[in-house]
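Undergrad: Here is a sequence together with a model predicted from it:
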Amino acid sequence: MDAVSLTSWLVLQAIDGVGDRTLLRLIQAFGSPNAVLAATQDELVRAGCSPDLAESVRCGPESKIRRQIDRQVQVIERLKVRIITLFDQSYPARLRTIPDPPPLLYVKGALLPQDDVAVAIVGGRRATPSGRIITEEIAQDLAGAGVTIVSGLARGIDAAAHRGALAGKGRTIAVLGCGIDRTYPPEHDTLRRNIESHGGVICELPIGSSPQSHHFPRRNRIISGLSLGVLVSEAAPNSGSLITAKLALEQGREVFAVPGSVKEDACRGSNGLIKEGAKLIENAQDILDEIVPQVDARLRATLSVGGAPSDSRASLGKEDTLVYEALSYEARSVDAVIESTGLSAAQVAATLLSLELYGRVRQLPGQQYIRL
């Protein structure tokens, strides 16, 4: 999109009273934002505008807003941000079908046709270590099968989902709750750059928009809208990821949830979804079994599904197997492993190091270990 066309989109969008629905209706009626801005008051009224709104469109935004728009266009050009409108062929097909699709998407990286086979993974920002690890595993396996992982770049489960997709050498999309020129949280800047290289970072908010709390519920409809289904990996009762699950149901998407400990407050929201009918998920194959029948034959051919799950205990020696079996997806201390296995402290320490090097276990803070 050239600077002149983009400016006319942003000018029309900035006029008081022109919300998303009105914006799209006017562009459909007149053919382009330029044509809307050039229309007479009578033409605008005949297109469905009230006399007051028609007058606002004729006058346009005040000069201060116009100067801000000029600066936004300069930033978009400098950062090489791609703008996709709802009327473009490259607009994500699945997102187009939701009741309130964003008229404009700001994109860094790339959106590809294969991203139509996508699963959103969301959850709490204060995720437990086991929640993050299970999320990474599921995201990695889904991405390895050819499924694009969509999430919100937030701390906790969202970041684990993106990292898992990258580890699976697949594609991932981050949907921001701020302007495309910002990264939130700021410590995820490196993660964001990796996502841009292996997928896309998108938002609907104008350049310069800060990450305000009311932006995120609106952002969540895009996360679910891009996806065939939404997996809530771990969520407390007040988690924003439950909003995403609700939006997914309203959009006709599947809702999945990973069961968590009944003693863990961080899991009460996601466990509640299972009580309400969300599909219980233990691994990536559970999700693939549900979404693959929804994918057309052309895209289904790009997926790698149906492989037999590998046995994590295969090729392990006797002591390795003892230690591995003593661990679980809940963190356990070295002392607990020693007590459970009957091995010496030196044997357990050496075996844990070996298992960690081979990617079978992971060490957590405080000399705690978790099975992978």
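TA: Here it is on my side, so go on. Numbering: from 1, shown residues only.

Undergrad: From now on I want contacts and neighbour counts done on CA atoms only, so please keep to that.
TA: Will do.

Undergrad: Can you give me the end-to-end span of stretch 135-155?
TA: 13 Å (CA to CA, to the nearest Å).

Undergrad: ugh, wrong one, stretch 226-239
TA: End-to-end distance of stretch 226-239: 20 Å, with CA to CA as the criterion.

Undergrad: same thing with stretch 197-216?
TA: 24 Å.

Undergrad: What residues sit buried inside it?
TA: Of the residues in stretch 197-216, 197-207, 210-211, 215-216 count as buried by neighbour count, 16 or more other CA atoms under 10 Å.

Undergrad: of those, closest to L372?
TA: Distances from those to L372 were compared by CA to CA; the smallest belongs to H198, at 24.4 Å.

Undergrad: and V201, that one's in a helix?
TA: No. Inclusion of V201 in a helix is not indicated when DSSP: H, G, I helix; E, B strand; the rest coil is applied; the result is strand.

Undergrad: Check whether the closest residue to it other than its chain neighbours sits in a helix, strand or coil.
TA: Of all residues not flanking V201 in the chain, A174 sits nearest, at 4.7 Å (CA to CA, 6 or more residues apart in numbering). Recorded secondary structure, A174: strand (three-state DSSP).

Undergrad: Who does A174 form a beta bridge with?
TA: S151, V201 (DSSP bridges).

Undergrad: Need the pLDDT of it.
TA: If you check A174, the pLDDT there is 98.

Undergrad: That one and R193 touch, don't they?
TA: No. Contact status for A174 versus R193: not in contact, 10.7 Å apart, counting by CA atoms under 8 Å.

Undergrad: What's the separation between the most centrally placed residue in the chain and E250?
TA: Most central residue of the chain, judged by C-alpha distance to the mean C-alpha position with CA atoms, centre = their mean, is S151 at 1.4 Å. Distance from S151 to E250, counting by CA to CA: 18 Å.

Undergrad: and what of S197?
TA: 32 Å.

Undergrad: How about P185?
TA: 28 Å.

Undergrad: same check, this time on R193
TA: Using CA to CA, R193 is found at 32 Å from E250.

Undergrad: So those two - more neighbours on which side?
TA: Per other CA atoms under 10 Å, whichever of R193 and E250 has more neighbours is R193, with 16 against 13.

Undergrad: How about the secondary structure of that one?
TA: Relying on three-state DSSP, one would call R193 helix.

Undergrad: For it, report the pLDDT, please.
TA: In this prediction, R193 has a pLDDT value of 97.

Undergrad: All set, thanks.
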